[in-house]
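> what follows is a protein structure lacking sequence information:
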(Lines give C-alpha, C1' and ligand atoms only; values in the text may rest on other atoms or scores of the structure.)
Protein backbone atom coordinates (compact mmCIF):
# COMPACT_ATOMS: atom_id res chain seq x y z
CA UNK A 1 0.00 0.00 0.00
CA UNK A 2 0.91 3.66 0.23
CA UNK A 3 0.35 6.19 2.97
CA UNK A 4 -2.69 8.43 2.92
CA UNK A 5 -2.02 11.65 4.76
CA UNK A 6 -3.87 12.72 7.86
CA UNK A 7 -6.43 15.52 7.92
CA UNK A 8 -6.10 17.18 4.57
CA UNK A 9 -2.60 16.18 3.54
CA UNK A 10 -2.11 14.88 0.01
CA UNK A 11 -0.19 12.01 -1.46
CA UNK A 12 0.10 10.65 -5.00
CA UNK A 13 0.11 7.16 -6.45
CA UNK A 14 1.23 6.18 -9.95
CA UNK A 15 -1.35 4.14 -11.81
CA UNK A 16 -0.72 1.75 -14.68
CA UNK A 17 -0.86 4.53 -17.31
CA UNK A 18 1.67 6.61 -15.42
CA UNK A 19 -0.94 9.28 -14.64
CA UNK A 20 -0.90 10.73 -11.17
CA UNK A 21 -4.04 10.65 -9.08
CA UNK A 22 -4.15 13.06 -6.17
CA UNK A 23 -5.57 11.57 -3.01
CA UNK A 24 -6.65 13.03 0.27
CA UNK A 25 -7.49 11.03 3.35
CA UNK A 26 -9.28 12.94 6.04
CA UNK A 27 -8.77 10.81 9.10
CA UNK A 28 -10.68 10.92 12.35
CA UNK A 29 -8.61 11.17 15.54
CA UNK A 30 -8.88 7.46 16.19
CA UNK A 31 -8.04 4.66 13.77
CA UNK A 32 -11.33 3.63 12.20
CA UNK A 33 -11.81 0.52 10.09
CA UNK A 34 -14.77 1.80 8.04
CA UNK A 35 -13.96 3.88 4.97
CA UNK A 36 -16.34 6.37 3.35
CA UNK A 37 -15.32 7.41 -0.16
CA UNK A 38 -17.02 10.65 -1.20
CA UNK A 39 -17.22 11.20 -4.98
CA UNK A 40 -17.89 14.71 -6.25
CA UNK A 41 -19.85 15.57 -9.38
CA UNK A 42 -19.12 17.03 -12.73
CA UNK A 43 -17.61 15.37 -14.54
CA UNK A 44 -14.80 17.73 -13.85
CA UNK A 45 -15.34 18.78 -10.25
CA UNK A 46 -12.26 18.15 -8.12
CA UNK A 47 -12.76 16.60 -4.69
CA UNK A 48 -9.95 18.06 -2.63
CA UNK A 49 -11.11 21.71 -2.61
CA UNK A 50 -14.43 20.49 -1.14
CA UNK A 51 -12.91 18.24 1.50
CA UNK A 52 -13.27 20.54 4.52
CA UNK A 53 -16.86 21.47 3.60
CA UNK A 54 -17.85 17.83 3.03
CA UNK A 55 -16.17 16.78 6.27
CA UNK A 56 -18.14 19.42 8.19
CA UNK A 57 -21.42 18.37 6.53
CA UNK A 58 -20.81 14.68 7.27
CA UNK A 59 -19.39 15.22 10.76
CA UNK A 60 -22.27 13.43 12.54
CA UNK A 61 -21.48 10.14 10.77
CA UNK A 62 -17.71 10.45 10.65
CA UNK A 63 -17.36 9.15 14.19
CA UNK A 64 -17.68 5.73 12.56
CA UNK A 65 -15.84 6.38 9.28
CA UNK A 66 -12.60 7.57 7.80
CA UNK A 67 -13.51 10.03 5.05
CA UNK A 68 -11.52 9.70 1.84
CA UNK A 69 -11.79 12.11 -1.10
CA UNK A 70 -9.82 12.44 -4.29
CA UNK A 71 -9.46 14.50 -7.41
CA UNK A 72 -10.74 12.15 -10.08
CA UNK A 73 -8.82 11.86 -13.35
CA UNK A 74 -8.56 15.09 -15.25
CA UNK A 75 -9.58 17.30 -12.29
CA UNK A 76 -7.79 19.19 -9.55
CA UNK A 77 -4.12 20.06 -9.85
CA UNK A 78 -3.86 18.06 -13.10
CA UNK A 79 -7.14 19.31 -14.57
CA UNK A 80 -7.76 19.02 -18.29
CA UNK A 81 -7.84 22.44 -19.91
CA UNK A 82 -10.70 22.93 -22.36
CA UNK A 83 -11.78 26.55 -21.78
CA UNK A 84 -14.32 26.84 -24.60
CA UNK A 85 -16.06 23.61 -23.58
CA UNK A 86 -15.95 24.59 -19.91
CA UNK A 87 -17.39 28.03 -20.67
CA UNK A 88 -20.24 26.51 -22.66
CA UNK A 89 -21.33 24.09 -19.94
CA UNK A 90 -20.55 26.31 -16.96
CA UNK A 91 -21.52 24.67 -13.68
CA UNK A 92 -24.61 22.87 -14.93
CA UNK A 93 -25.10 19.34 -16.15
CA UNK A 94 -27.91 20.52 -18.45
CA UNK A 95 -26.14 22.78 -20.95
CA UNK A 96 -24.93 20.75 -23.90
CA UNK A 97 -21.69 21.95 -25.50
CA UNK A 98 -21.35 22.28 -29.25
CA UNK A 99 -19.80 19.45 -31.25
CA UNK A 100 -16.94 21.79 -32.18
CA UNK A 101 -16.14 22.47 -28.51
CA UNK A 102 -16.09 18.75 -27.74
CA UNK A 103 -13.96 17.97 -30.80
CA UNK A 104 -11.53 20.82 -30.03
CA UNK A 105 -11.18 19.63 -26.45
CA UNK A 106 -10.47 16.08 -27.61
CA UNK A 107 -7.91 17.38 -30.08
CA UNK A 108 -6.23 19.49 -27.35
CA UNK A 109 -5.93 16.48 -25.04
CA UNK A 110 -4.66 14.33 -27.90
CA UNK A 111 -4.17 10.58 -27.80
CA UNK A 112 -4.16 10.58 -23.99
CA UNK A 113 -7.92 11.29 -24.02
CA UNK A 114 -8.44 7.53 -24.05
CA UNK A 115 -7.27 7.46 -20.40
CA UNK A 116 -10.05 9.72 -19.09
CA UNK A 117 -13.09 7.47 -19.14
CA UNK A 118 -15.35 6.50 -16.27
CA UNK A 119 -13.94 2.96 -16.56
CA UNK A 120 -10.46 4.35 -15.88
CA UNK A 121 -11.78 6.20 -12.83
CA UNK A 122 -13.43 3.00 -11.56
CA UNK A 123 -10.08 1.20 -11.94
CA UNK A 124 -8.40 4.04 -10.01
CA UNK A 125 -10.93 3.64 -7.20
CA UNK A 126 -10.27 -0.08 -6.96
CA UNK A 127 -6.53 0.61 -6.75
CA UNK A 128 -7.25 3.16 -4.02
CA UNK A 129 -9.38 0.68 -2.05
CA UNK A 130 -6.58 -1.89 -2.21
CA UNK A 131 -3.99 0.73 -1.22
CA UNK A 132 -6.12 1.71 1.77
CA UNK A 133 -6.23 -1.97 2.75
CA UNK A 134 -10.02 -1.76 2.97
CA UNK A 135 -11.85 -5.02 2.35
CA UNK A 136 -14.93 -2.99 1.46
CA UNK A 137 -16.10 0.60 1.80
CA UNK A 138 -19.09 2.90 1.66
CA UNK A 139 -19.52 5.08 -1.42
CA UNK A 140 -21.24 8.47 -1.39
CA UNK A 141 -21.62 9.95 -4.87
CA UNK A 142 -23.22 13.21 -5.98
CA UNK A 143 -24.31 13.84 -9.58
CA UNK A 144 -21.53 12.43 -11.81
CA UNK A 145 -20.09 10.95 -8.60
CA UNK A 146 -23.29 8.88 -8.33
CA UNK A 147 -22.64 7.58 -11.85
CA UNK A 148 -19.06 6.65 -10.92
CA UNK A 149 -20.35 4.94 -7.75
CA UNK A 150 -22.92 2.97 -9.78
CA UNK A 151 -20.27 1.87 -12.27
CA UNK A 152 -18.00 0.82 -9.37
CA UNK A 153 -20.89 -1.15 -7.82
CA UNK A 154 -21.43 -2.98 -11.11
CA UNK A 155 -17.72 -3.85 -11.41
CA UNK A 156 -17.05 -4.63 -7.73
CA UNK A 157 -20.35 -5.41 -5.94
CA UNK A 158 -18.61 -7.40 -3.19
CA UNK A 159 -16.38 -4.43 -2.30
CA UNK A 160 -19.19 -2.02 -1.37
CA UNK A 161 -20.71 -2.11 2.10
CA UNK A 162 -23.21 0.70 1.49
CA UNK A 163 -23.89 3.34 -1.16
CA UNK A 164 -25.48 6.78 -0.98
CA UNK A 165 -26.46 8.20 -4.36
CA UNK A 166 -27.43 11.89 -4.48
CA UNK A 167 -28.69 13.71 -7.60
CA UNK A 168 -28.44 10.43 -9.45
CA UNK A 169 -27.17 10.07 -13.00
CA UNK A 170 -28.52 6.72 -14.30
CA UNK A 171 -25.81 4.13 -14.88
CA UNK A 172 -27.23 3.20 -18.29
CA UNK A 173 -26.40 6.66 -19.62
CA UNK A 174 -23.50 4.97 -21.40
CA UNK A 175 -26.01 3.74 -23.97
CA UNK A 176 -26.69 7.36 -24.90
CA UNK A 177 -23.27 8.96 -24.47
CA UNK A 178 -20.15 6.90 -25.26
CA UNK A 179 -17.91 9.54 -23.62
CA UNK A 180 -19.26 8.50 -20.22
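Nice, thanks for sending it over. Note that the structure is predicted; figures quoted are calculated from it, not measured.

> ok, then the element right after the longest helix along the chain?
Identified as the longest helix of the chain according to DSSP state H is helix 118-131. Later in the chain than helix 118-131, the nearest helix or strand by DSSP states H and E is strand 137-142.

> now do the helices in this protein.
For the chain, the helices defined by DSSP H cover 51-58, 83-89, 99-109, 118-131, 144-155.

> list the contacts of residue 155.
122, 126 (CB atoms under 8 Å, 6 or more residues apart in numbering). From N, CA and C alone the C-beta is placed, and that goes for glycine too.

> and the gap between it and residue 50?
Distance of residue 155 to residue 50, computed by CB to CB, to the nearest Å: 25 Å.

> same deal with residue 134?
21 Å.

> just the mean pLDDT for stretch 63-79, thanks.
Computed over stretch 63-79, the mean pLDDT rounds to 87.

> how long is that stretch end to end?
From its first residue to its last, stretch 63-79 covers 32 Å (CA to CA, to the nearest Å).

> still on that earlier bit, so between residue 134 and residue 50, which is more surrounded?
The residue with more neighbours, out of residue 134 and residue 50, is residue 134; 19 against 16, by other CB atoms under 10 Å.

> my guess is the more buried one contacts residue 35, does it?
Yes: counting by CB atoms under 8 Å, residue 35 is a contact partner of residue 134 at 4.5 Å.

> for the residue nearest the centre of the chain, what are phi and psi?
The residue lying closest to the centre of the chain (CA atoms, centre = their mean) is residue 72, at 4.0 Å. Note on residue 72: its backbone torsions stand at phi -70, psi 160 [degrees, to the nearest 10].

> for it, give me its contacts.
21, 39-40, 42-43, 46-47, 121, 124, 148.

> look up how far residue 61 lies from it.
From residue 72 to residue 61 the distance is 22 Å (CB to CB).

> just residue 149 next, same as before
Per CB to CB, residue 149 is found 17 Å from residue 61.

> so between those two, which is more surrounded?
Relative neighbour count places residue 149 above the other of residue 149 and residue 61, with 28 against 14, counting by other CB under 10 Å.

> now do the same for that one: its pLDDT.
95.

> separation between it and residue 99?
In terms of CB to CB, residue 149 sits 29 Å off from residue 99.

> got it, and residue 67?
For residue 67, the distance to residue 99 - CB to CB - is 39 Å.
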